[in-house]
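Enquirer: this is the structure alone, sequence omitted:
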């Protein structure tokens, strides 16, 4: 492939305006309360399972096909991806 590389600026990748146009759902306070309780239980067992529980909770609450969390490694030299 040849040609000039494409340079993107911050405004090219931030899509907040487009997200504001998406349909939203009404809050389900019972489901959200149960989700917070499950996350609290996972945290009380130790931090290892919290991120997986969070990804599973997002799947359940949103009906999405997948969910994930990206974390920066402590040394700042890489990223860790946790998916469900």
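Expert: All right, it came through fine. Everything numeric here is computed off the predicted structure, so don't read it as measured data.
Enquirer: every contact and neighbour count from this point should use C-alpha atoms.
Expert: OK.
Enquirer: any idea which helix is longest in the chain?
Expert: If you go by DSSP state H, the chain has its longest helix at helix 29-44.
Enquirer: show residues contacting that helix.
Expert: 49-50, 53-54, 57, 61 (C-alpha atoms under 8 Å, 6 or more residues apart in numbering).
Enquirer: make a PyMOL selection of the buried ones in the residues you listed.
Expert: Applying 16 or more other C-alpha atoms under 10 Å to the contacts of helix 29-44, the buried members can be selected in PyMOL as follows:
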select buried, resi 50+53+54+57
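Enquirer: pull the number of nearby residues for residue 51.
Expert: 21 (other C-alpha atoms under 10 Å).
Enquirer: tell me the secondary structure for it?
Expert: At residue 51 the chain is in helix, as set by DSSP: H, G, I helix; E, B strand; the rest coil.
Enquirer: contacting residues around it?
Expert: 69, 82.
Enquirer: can you tell me how far it is from residue 41?
Expert: 12 Å (C-alpha to C-alpha, to the nearest Å).
Enquirer: repeat for residue 25
Expert: Distance from residue 25 to residue 41, by C-alpha to C-alpha: 26 Å.
Enquirer: now this structure, which segments are flagged as low pLDDT?
Expert: 1-2 (pLDDT under 70).
Enquirer: going along the chain, name the strands of it.
Expert: Along the chain, counting by DSSP state E, strands occupy 68-72, 79-83.
Enquirer: and the first one, which residues are buried?
Expert: Translated: strand 68-72. residue 68.
Enquirer: what does it rub up against?
Expert: By C-alpha under 8 Å, 6+ apart, strand 68-72 touches 51, 55, 78-84.
Enquirer: how does it look with 7 Å?
Expert: 55, 78-84 (C-alpha atoms under 7 Å, 6 or more residues apart in numbering).
Enquirer: of these, closest to residue 65?
Expert: Closest approach between these and residue 65, by C-alpha to C-alpha: residue 84, at 9.0 Å.
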